[in-house]
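Chemist: this is a predicted model, with the sequence first.
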Amino acid sequence: MPIQDKLRTLLEWCTENGIIIDERISIGTDSQAGIAVYSEDDYIHPQTTLVKIPKSAILSVRSCSLEAVIPEAPYGLGAQLSLSLALYAEILRGMKSRWHGYIQSLPADLVDLPSFWDFRLEANTGSTSHHNVANSRMFLRGTEAGKICNGRLDNGYKQLEEVTQFYHEVAEPLLQRNAKGSDVPTLLGFYRAFSLVSSRAFLVDAYHGLSMVPIADAFNHTLENHVHLESDYNVCCECGSLYECIHDREEGAKAPGNVSSLDEHDLYYEMVSNTGIPPHTEVFNTYGEDLSNAQLLNQYGFILDVNENDRLLWSADDLLNTFVSGRDTASHRERLTQDLRNVSSHFEKSGAPDFGQSQLIYHEASRENIFCLNSDGIMSHHLWLALFVLSVWRTFPGGERVEPEIAQMALSVLELQTELELQDMDDVNDNDEDMGSDYDEGDKIPIRQGTDTPTALVLLIDIAQLAVNLCVTRKAASGPEGYTAEQLTDILDAEAATRTDETCATSHAELAISVLLGEWSILDSCEAAWKALRHAASRRMCV
């Protein structure tokens with residue numbers, strides 16, 4: 001069905017189901033033949049309600065035709081699977097479903113999530129075709145997006161394996177028992193429903209939970225969003241009431257009266273503008289203000305050209321496997337955790353160190369150990385502290401330094417680093433070619449280990465070398481072997497050249513390569529900065 005016919009059917013369904021769309025916006029198509037929302041002739045002020053969606057219009061486990069038999073799950077993958085089953089049950093009902101006018105407007109194919117790159121659902125047939133995905137998936141090797149796609153859940157399954165098992169053990173038997181003239185369920189059909197839930201569902205309140213919210217899901221995503229979904233989460237879990245209800249009272253008490261007087265917050269979910277919206281522009285929502293491209297790709301099937309939320313993460317085991325190979329990882333993990341705790345505790349007792357004075361470290365707000373680089377290639381203070389501890393182990397392998405002295409040394413190293421950044425690194429950056437020519441990437445810098453050598457300087461040079469090695473190792477372990485950034489850019493250009501007006505969607509290869517090049521850029525920035533610091537520190541050593 002042409003997209004304009006789908007839009008017409010959707011809008012008619014909205015009218016029939018009480019969804020109110022402000023005349024200052026309109027529903028149209030975007031550049032990829034999907035649905036989008038646009039402002040009309042008038043400027044829209046902040047705090048303007050643009051869409052009112054009756055709670056009775058949303059599709060959830062609680063509202064679907066199989067509400068009595070679908071297992072409920074409050075959050076996580078379980079909630080996604082249950083809602084996928086609810087949505088798929090309505091898809092199979094076809095025109096008999098009271099959400100048909102909404103469902104027919106949804107993408108007919110699988111959403112392009114990396115988990116489903118092996119499959120394509122041919123429109124109206126349910127058959128599959130296999131695309132050249134092996135070459136696309138290999139570009140995600142070792143990336144944050146690849147970790148999410150290929151990561152194991154607590155039960156040892158990958159996400160796609162868990163979805164498949166749920167279909168065979170729960171969804172398919174339930175759908176077959178409750179078919180009632182519906183279409184025959186298929187695994188690929190359920191995959192499509194899951195991909196739609198992953199890319200479109202909203203957590204609305206404690207009663208409906210994760211839900212499909214018509215029109216709210218028509219707004220595309222950007223970090224600089226114009227609107228947001230407003231709902232009161234804390235409603236009655238039994239009946240969905242926002243206000244006092246019989247479930248709040250002692251057994252046998254009278255139900256509250258005058259229900260008709262309740263305000264509209266108990267009747268609608270609303271799309272509300274949070275900033276001014278100029279005329280004739282696309283109106284954007286945000287699916288999450290802190291989502292990285294790795295998360296966007298795996299949850300929604302797209303990425304942003306520039307995403308300030310991107311970051312590269314390491315676990316404690318990753319660091320140990322990189323720098324303490326061939327040893328007992330478990331015991332070293334425990335030792336690393338303890339040393340980090342001791343150093344952090346000393347920092348807190350002596351006043352929080354001013355990581356903000358450093359150009360190469362930022363203070364991570366989380367109290368958990370977050371070993372990462374942000375989108376600018378700047379490392380978290382947790383990662384810096386971990387490299388400090390690892391450097392102490394390397395410099396003093398006998399462990400002669402007692403804990404208070406280790407913590408005090410960390411403060412001294414940080415102060416020295418900040419001083420070098422402010423005084424010496426500008427000069428070093430003017431001589432980048434000389435900066436990297438003295439030492440091989442993997443070598444530890446030769447240091448005069450005399451009694452006159454300040455310990456802080458010895459440790460700082462080693463920390464800088466560890467940071468460089470960390471970036472080099474991570475880059476080598478990501479993407480396909482043998483490809484340079486220039487070659488990957490050439491592939492991107494070739495992929496873009498094959499797009500036409502009819503095939504305007506970004507290819508899997510483009511998405512994967514863009515993610516990979518983004519991570520390489522972060523690593524290159526970090527590596528260059530720490531090489532500069534290493535060079536500045538080694539020059540200070542020779543003075």
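Modeler: Received the coordinates, thanks.
Chemist: going forward, measure contacts between C-alpha atoms and count neighbours the same way
Modeler: OK.
Chemist: what about the nearest residue to M379 once chain neighbours are set aside, distance to E415?
Modeler: Leaving aside its chain neighbours, M379 sits nearest to L373 (4.3 Å; criterion: CA to CA, 6 or more residues apart in numbering). According to CA to CA, to the nearest Å, L373 stands 21 Å off from E415.
Chemist: can I see the domain layout of the chain?
Modeler: Using automatic domain parsing, the domain parsing of the chain gives 3-300, 312-479+523-542.
Chemist: quick one: the ones you listed as CSV, columns for mean pLDDT, distance to D493 and mean neighbour count too.
Modeler: Putting the domains of the chain into CSV (pLDDT from 0 to 100; distance: least, CA to CA, whole Å; neighbours: other CA atoms under 10 Å) gives the following:
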stretch, mean pLDDT, distance to D493, mean neighbour count
domain 3-300, 85, 15, 18
domain 312-479+523-542, 80, 18, 17
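Chemist: part of a helix, is I522?
Modeler: Yes: assessed by DSSP: H, G, I helix; E, B strand; the rest coil, I522 belongs to a helix.
Chemist: that one touches D376, doesn't it?
Modeler: Yes: judged on CA atoms under 8 Å, I522 makes contact with D376 at a distance of 6.1 Å.
Chemist: could I get the contacting residues of L336?
Modeler: A316, A386, V389, L390 (CA atoms under 8 Å, 6 or more residues apart in numbering).
Chemist: any chance of the residues you listed in JSON lines, plus secondary structure?
Modeler: Shown next, in JSON lines, are the contacts of L336 (three-state DSSP):
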{"residue": "A316", "secondary structure": "helix"}
{"residue": "A386", "secondary structure": "helix"}
{"residue": "V389", "secondary structure": "helix"}
{"residue": "L390", "secondary structure": "helix"}
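Chemist: tabulate those residues (CSV), appending distance to E90.
Modeler: Compiled in CSV, the contacts of L336 are given as follows (distance: CA to CA, whole Å):
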residue, distance to E90
A316, 45
A386, 51
V389, 56
L390, 56
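Chemist: tell me the one of those residues nearest A206?
Modeler: In terms of CA to CA, no member of the contacts of L336 lies closer to A206 than A316, at 36.0 Å.
Chemist: nearest residue to the closest one other than its sequence neighbours?
Modeler: R333 (6.5 Å).
Chemist: now W520
Modeler: Leaving out its chain neighbours, the residue that sits closest to W520 by CA to CA, 6+ apart is K475, at 6.3 Å.
Chemist: thought the one you found was touching L523?
Modeler: Yes: using CA under 8 Å, K475 is in contact with L523, at 7.0 Å.
Chemist: distance-wise, check S412 relative to A386.
Modeler: For S412, the distance to A386 equals 15 Å [CA to CA].
Chemist: about what we covered before: reformat the domains of the chain as TSV; add distance to V306.
Modeler: What follows is these, written out as TSV (distance: least, CA to CA, whole Å):
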stretch	distance to V306
domain 3-300	9
domain 312-479+523-542	9
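Chemist: looking at these, spot the one closest to L511.
Modeler: Shortest distance between L511 and the domains of the chain, using CA to CA, is found for domain 3-300: 8.0 Å.
Chemist: apart from its neighbours in sequence, what residue is nearest the most centrally placed residue in the chain?
Modeler: Geometric centre of the chain, nearest residue: Q295, 2.4 Å, by CA atoms, centre = their mean. Closest residue to Q295 apart from its sequence neighbours, by CA to CA, 6+ apart: A145 at 6.7 Å.
Chemist: hang on, the one you found in a strand?
Modeler: No: counting by three-state DSSP, A145 is not found in a strand; it is helix.
Chemist: rewinding a little: ok, the residue nearest to M379 - contacts?
Modeler: Residues near L373 by CA under 8 Å, 6+ apart: R311, L312, L313, M379, S380, I522, C526.
Chemist: in CSV: those residues, plus distance to L210 and secondary structure.
Modeler: Listed next are the contacts of L373 as CSV, based on distance: CA to CA, whole Å; DSSP: H, G, I helix; E, B strand; the rest coil:
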residue, distance to L210, secondary structure
R311, 27, coil
L312, 29, strand
L313, 28, strand
M379, 35, strand
S380, 33, strand
I522, 34, helix
C526, 39, helix
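Chemist: out of the domains of the chain, which comes closest to E495?
Modeler: Counting by CA to CA, E495 lies closest to domain 3-300 out of these; the figure is 11.5 Å.
Chemist: so E67 sits against V61, correct?
Modeler: Yes: judged on CA under 8 Å, E67 makes contact with V61 at a distance of 5.6 Å.
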